[in-house]
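[1] only geometry, no sequence info:
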């Protein structure tokens, strides 16, 4: 049985770690972090300072949403504009 490997060239966009596969989060070792890092399936911005990202783990299927990780500017929105994209 082979061990899955992570593509180290991959750059994460608004990533988060699956709490089911990696309960230690950013405190886990680098191999675990790379294997459990998930990009959002959806990013919602309602014109405020924060965005809501919806995630689904490709390893276990766990789904979750976070509004506390990323701001509008980091997601590519112009926070000076009041209308949502």
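    That came in fine, so what should we check first? Just so you know, these numbers come straight off a predicted model, no measurement behind them.

[2] for the residue sitting nearest the centre point of the chain, give me phi and psi.
    Nearest to the geometric centre of the chain sits residue 15, at 2.4 Å (Cα atoms, centre = their mean). In terms of degrees, to the nearest 10, the main-chain angles of residue 15 are phi -70, psi 160.

[3] do you know how far the residue nearest to it when sequence neighbours are not counted is from residue 77?
    Leaving out its chain neighbours, the residue that sits closest to residue 15 by Cβ to Cβ, 6 or more residues apart in numbering is residue 37, at 4.7 Å. From N, CA and C alone the C-beta is placed, and that goes for glycine too. Counting by Cβ to Cβ, to the nearest Å, the separation of residue 37 from residue 77 is 22 Å.

[4] repeat that for residue 43.
    9 Å.

[5] so what sits against both of those two?
    Jointly contacting residue 43 and residue 77 under the rule Cβ atoms under 8 Å, 6 or more residues apart in numbering are residue 51.

[6] quick revisit: quick check: beta-bridge partners of the residue nearest to residue 15?
    residue 17 (DSSP bridges).

[7] kindly report the same for the one 5 residues further on.
    Beta-bridge partners for residue 42, by DSSP bridges, are residue 54.

[8] circling back: ok, the residue nearest to residue 15 touching residue 17?
    Yes. At 5.9 Å, residue 37 and residue 17 qualify as touching, with contact defined as Cβ atoms under 8 Å.

[9] distance of the nearest residue to residue 68 once chain neighbours are set aside relative to residue 20?
    Nearest residue to residue 68, sequence neighbours excluded (Cβ to Cβ, 6+ apart): residue 50, at 7.4 Å. Counting by Cβ to Cβ, the separation of residue 50 from residue 20 is 24 Å.

[10] the two: which has the busier surroundings?
    residue 50 (18 against 13; other Cβ atoms under 10 Å).
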